[in-house]
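> Build me a model:
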Amino acid sequence: MNVSIVTYKTDTAELGRCLQSLDTSIVKQVFIVDNGSEKRIEHFVGAFENVEYIANRNTGYGSAHNIALRKSINSGTDYHLVLNSDVYFEPGLLESAKKYMDNHPDVGQLHPTLIYPDGRHQYTVRRLPTPFDVFIRRFMPESFFKKSRDRYLLKDLDLESIIDVPYHQGSFMLLRVESLKNVGLFDERFFMYPEDIDLTRRMHERYRTIYYPFLTAVHAHKAESYKSGRMLRIHIVNMIRYFNKWGWFVDPERRKANNALITGVSCRDMNSNNRR
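Take a look at the predicted model:
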């Protein structure tokens, strides 16, 4: 298993805590792709074994991870973990996640339960968003359209059960490398934010993309686009690109994937039945 972490003016204490979580024999290589090209980060990660530092101009989140994903594809490793620097977890999590995927070859991607440092649950697996979902979450008070918000965040489902979900947040994406060869890497048209939706839904069309609640990691989520005008603009621009790609109000695959969470009939099953 290889791991990639993209940094940009990242706090070294945060990064160090994340790297300590990766101190396990199943992690063969950790790629730090530094979009800030800082000597500070390069010197810091040099103290860790099996870590390769890659200086990079700030081309975006998905584009930076793709540098490492291509290395994993070329190296022949079975799995690649896309990880945020603000995520950390206890020893054994990766071993358990790998074992599950080893035993379920139809799974292309896995996401554990993520919690805040204070123990609160994070709703990081979701239905594929509609423009309405994005608008109310970004611009409306939390008390407005609560039923729609909760449905989008899968609060209507049993989140203590394994679920095949079409959208995994990009803070922790355990990917089967062989599946990546078939569906492609992150779409580099997206600088930040919807690249995780886009990749998960493409993976979901051909493989199971599993929310696995029996493993838990901590995500010290900062939600920068809720605090920074610049990040909000980046978020808006890239969500427009996402809906331009997949469809604003007419997106048949979105409808199929979201309905499958209720019916249990996946897009893969529907497409397979249509071919018969």
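
> Would you mind listing the outside residues contacting stretch 40-60?
Residues outside stretch 40-60 that contact it (C-beta atoms under 8 Å, 6 or more residues apart in numbering): 7-8, 10, 12, 15-16, 19, 27-37, 64, 67-68, 188, 190-192, 195. C-betas here are computed from N, CA, C, even on glycine.

> how distant is it from the center of its chain?
A distance of 21 Å separates the centroid of the chain from that of stretch 40-60, by C-alpha atoms, centre = their mean, to the nearest Å.

> got the buried residues for that stretch?
Residues 41, 44, 45, 48, 51, 53, 54, 56, 60 are the ones in stretch 40-60 that count as buried (16 or more other C-beta atoms under 10 Å).

> Please produce a markdown table containing those, extended by pLDDT and distance to residue 238.
As requested, those are exported to a markdown table (pLDDT from 0 to 100; distance: C-beta to C-beta, whole Å):
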| residue | pLDDT | distance to residue 238 |
| --- | --- | --- |
| 41 | 97 | 25 |
| 44 | 97 | 29 |
| 45 | 96 | 28 |
| 48 | 94 | 32 |
| 51 | 97 | 29 |
| 53 | 98 | 27 |
| 54 | 98 | 23 |
| 56 | 96 | 19 |
| 60 | 94 | 9 |
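
> Among these, which one sits closest to residue 165?
Comparing the buried residues of stretch 40-60 against residue 165 with C-beta to C-beta picks out residue 60 as the nearest, at 24.1 Å.

> I'd like to know how far that closest one sits from residue 18.
From residue 60 across to residue 18, the span is 20 Å (C-beta to C-beta, to the nearest Å).

> ditto for residue 212
For residue 212, the distance to residue 18 equals 20 Å [C-beta to C-beta].

> likewise residue 114?
For residue 114 relative to residue 18 (C-beta to C-beta), the value is 13 Å.

> And for residue 34?
Distance, residue 34 to residue 18, by C-beta to C-beta: 14 Å.

> Tell me the buried residues within the contacts of stretch 40-60.
Buried among the contacts of stretch 40-60 (16+ other C-beta under 10 Å): 7-8, 10, 12, 15, 19, 27, 29-36, 64, 67-68, 190-192, 195.

> Which of those fall within strands?
7, 29, 30, 31, 32, 33, 34 (DSSP state E).

> Find the nearest non-adjacent residue to the second one, please.
Setting aside the residues directly before and after it, residue 29 is nearest to residue 2 in space (C-beta to C-beta, 6 or more residues apart in numbering), at 4.6 Å.

> how many neighbours does the one you found have?
Neighbour count of residue 2, defined by other C-beta atoms under 10 Å: 23.
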